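A.B. asks: Curious how this folds, go ahead:
(chains A and B)
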Amino acid sequence: MIPFLIYVAIFVIAFFVVTKIAQRSAIADYGSLKTVTFGDESAVTPNRAASVISILTIFLLWGMFTGSALLPKFLHAPGPFEGTGTFEYTAQAGNERDTATVTVVVHPIDTPTEAPEVAPGDGWAKDDSVAIGMWRSGLLRVDRNDELGRGDGAAVIEINGSKVQPGDTVDVGFATVTISDKGTPNIQPDKGWQMEPIWLPAPEAVVKRIGEIASEGFRGSTLWEHLGYSLFRVVVGFFFGALVGIPLGYAMGLSNWFRGWFDPIVEFMRPVPPLALIPLVIIWAGIGETGKIILLFLAALWIMAIAARSGVSGVKISKVHAAYSLGASKAQIMRHVIVPNSLPEIFTGARVAMGVCWGTVVAAELVAAEQGAGMMIMVASKFQNTDIVIMGIILIGIIGFGIDMLMRWAERILVPWKGKG
Amino acid sequence: MSGLSIQSISMRFDLPNGGHVQALQDVSLDLKAGELLSVLGPSGCGKTTLLNIVAGFLAPTDGKMILNGHEINGPDAERGMVFQQGALFEWMSVRENVGFGPSMKGMPKTDKAEIVDHLLDVVGLQDFKEKAVYELSGGMQQRVALARCLANDPDVILMDEPLGALDALTREKMQSLVLKLWKETGKTIILITHSVEEALLLGERLLVMAPRPGRIHKEYRLPFAEMGVDADLREVKKHPEFAERREEILGMIWDMEEEIMGRTEAAT
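C.D. replies: A predicted model of the protein is given here:
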């Protein structure tokens, strides 16, 4: 809740600072002279400053709530208590009361620490000590070293001077102490607002992990091999999907018989999510490369067939007529009119298919794989290696985005006439 | 024998509901080589159907057409067509569009380049040779369409409302261009239009068609096309006979439209 409120606050403040102050006298182009901008779609362009601040805010919040070393200390959300704290308990056995001190050492989880030696002190209740990892809690049998223990009817009745009964909780400054049903104090050092690294590691930990995995590899393959395998599967699956799908789509767009024959199959298979085919493909082809490529082939095939079909059907009849009356033969019309006219649709289909394939390959690798981006994050999650999981998600995102950018670029270069017909 | 002879063409479309539409009934027409014919008529009179039949895109249910002694059977490069809009190949440059017909015939590159260059000069698009067609204005695109059609050196040019989508000023310039090309190339041209003025200006002969069933209602022989060659078309329009004919034909079409409306109302 608090991170969300901070996020909203940054959004609102940045909005006023940037639009009302910084950019007030910025541009004086045609768009800025419009009096009607609300509802005018063309007047809405992404504010670059907002985009930059948005990304920075995500990293800022990430850093704040993970105690990132990249941020100055004063920006950190309050962290968990670390160090040594003490509280006193008062035990009563019959009419005898005595007070002793408990020393608690709270240490980072990855540096094992022994409970410190403490002098027993005087009285029948002896002083205790315990070591607790950050974000963890610990039960402490305070009576274990006391002269009068639980068996003698002794019970903790006060913590730092306030009366307690089983179930009560007392705040002792650095921690809260809850008396369990059996009368044992359960010490919960202050967790602060930061996330524990096993839930959300700091940004630098993720970056460091990228470096480690890139140089040392993960599960017998380097990072590049994992990503390369995934990409390889996508490219090969998509290639075969396009190789079969495009001619199939052309045939469906040009022949009644093909259209009638394949329409039910294509229309049925298209809405089937490729993920639903994973179990069947695993049964038939196993979890190796063949299975993955068959799956991606099936994912790309229908999309490409439908794209090619609509590309062919979308050709304006006047263009075909014009070509005929200019003396073109059927083969020439195919090559010079129908194919170029369908290319924009095919490229759109290819972009969609690549996106679907990328999603499908990651999902298929999550289910079962020897290598691959999806396998990497799946295995890492089983060992609670959250940093690897986050690293994997970021890399998968970057690659997916990169594929889309690449396809858009290819589209711009290869079919500049898209949408101009 | 040279020229186009349309012999009692009829066209009937069957409708999915069992009825049918008589788009053309017994249309006959003889065009000498080099004649400029404009066709006018209310919507639904079958003028586009007629043009599509002459182009060979549709087979008539009855009748036949003879061009230069042989029967027309399907589309052919001897009958070029200029469409209203959107029939250029947007994946090709202006030069490639104009050179499309010669390329299809397998004409040698140098001959083709010569023809394309010449035609681009004629239509005044030499500077836009390498531009993509979608970068041109509507009027320029129709010039490309005209040049593309002429590059094939067809015997007959069929124009389906070629200037319908242009603004008034561009339209007037293009009308002059059509007249100029007609005179220079001596092609037989059939031009379909919605505009009475255009039909008068661009028709040595003018055909008024009537709807339901589509048929020839009246034919005129007009002097304005000859007068308009290399002349200011606005001057031609001031001719007293021009105004007279315009009023006459407008009245005729108006009556046809009213009759259709009346029939439709009576039917309902």
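
A.B. asks: count of neighbours near the residue of chain B found nearest chain A?
C.D. replies: Across chain B, the shortest distance to chain A (C-beta to the nearest C-beta) belongs to B:Ala77, at 3.1 Å. (Each C-beta comes from the backbone N, C-alpha and C, glycine too.) Burial measure for B:Ala77: 19 neighbouring residues, criterion other C-beta atoms under 10 Å in any protein chain shown.

A.B. asks: In three-state terms, label it for me.
C.D. replies: Judged by DSSP: H, G, I helix; E, B strand; the rest coil, the three-state class of B:Ala77 is coil.

A.B. asks: Let's see the pLDDT reported for it.
C.D. replies: pLDDT recorded at B:Ala77 is 86.

A.B. asks: B:Leu37 sits in which helix or strand?
C.D. replies: For B:Leu37, the host element (DSSP states H and E) is strand B:36-40.

A.B. asks: For that strand, C-alpha coordinates in CSV please.
C.D. replies: C-alpha atoms of strand B:36-40 as CSV (Å, rounded to 0.1, in the frame of the first residue of the first chain):
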residue,chain,number,x,y,z
LEU,B,36,-14.6,9.6,-78.5
LEU,B,37,-17.8,8.3,-76.8
SER,B,38,-19.1,9.5,-73.5
VAL,B,39,-21.8,7.5,-71.6
LEU,B,40,-24.1,9.2,-69.2
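
A.B. asks: Quick check: closest non-adjacent residue to the residue of chain B closest to chain A.
C.D. replies: A:Gly327 (3.1 Å; C-beta to C-beta, 6 or more residues apart in numbering or on different chains).

A.B. asks: swap in B:Lys183?
C.D. replies: In this structure, B:Lys183 finds its nearest non-sequential neighbour in B:Val229, 4.7 Å apart by C-beta to C-beta, 6+ apart.

A.B. asks: Under the pLDDT cut-off, which ranges of chain B? List them.
C.D. replies: Applying pLDDT under 70 to chain B flags the ranges B:1, B:264-268.

A.B. asks: Quickly list the domain ranges of it.
C.D. replies: Domain ranges of chain B: B:1-24+B:35-48+B:55-78+B:158-223+B:233-268, B:88-153, per automatic domain parsing.

A.B. asks: Return the most buried member of the ones you listed.
C.D. replies: domain B:88-153 (a mean of 19; mean count of other C-beta atoms under 10 Å in any protein chain shown).

A.B. asks: Quick check: beta-bridge partners of the closest residue in space to B:Thr61 that isn't next to it in sequence?
C.D. replies: Spatial nearest neighbour of B:Thr61, chain neighbours left out: B:Arg12 (4.8 Å); criterion: C-beta to C-beta, 6+ apart. Taking DSSP bridges as the rule, B:Arg12 bridges to B:Gln22.

A.B. asks: Isn't B:Arg12 up against B:Gly46?
C.D. replies: No - B:Arg12 lies out of contact with B:Gly46 (C-beta atoms under 8 Å); the separation is 10.8 Å.

A.B. asks: intersection of neighbour lists for the two?
C.D. replies: B:Ala23 (C-beta atoms under 8 Å, 6 or more residues apart in numbering or on different chains).

A.B. asks: what's the burial count for A:Val12?
C.D. replies: A:Val12 has 10 nearby residues by other C-beta under 10 Å.

A.B. asks: again, but for the one 4 residues further on
C.D. replies: Using other C-beta under 10 Å, A:Phe16 has 10 neighbouring residues.

A.B. asks: So it lies in a helix, does it not?
C.D. replies: Yes - per three-state DSSP, A:Phe16 lies within a helix segment.

A.B. asks: element containing the residue of the stretch 301-421 of chain A found nearest chain B?
C.D. replies: Nearest residue of the stretch 301-421 of chain A to chain B: A:Gly327, at 3.1 Å (C-beta to the nearest C-beta). According to DSSP H and E, A:Gly327 maps onto no helix or strand at all.

A.B. asks: quick one: the strands in the stretch 101-250 of chain B?
C.D. replies: B:156-160, B:188-192, B:205-210, B:215-221 (DSSP state E, counting those that start in this stretch).

A.B. asks: Export the ones you listed as JSON lines, with columns for distance to A:Leu231.
C.D. replies: Shown next, in JSON lines, are the strands of the stretch 101-250 of chain B (distance: least, C-beta to C-beta, whole Å):
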{"stretch": "strand B:156-160", "distance to A:Leu231": "51"}
{"stretch": "strand B:188-192", "distance to A:Leu231": "56"}
{"stretch": "strand B:205-210", "distance to A:Leu231": "63"}
{"stretch": "strand B:215-221", "distance to A:Leu231": "67"}
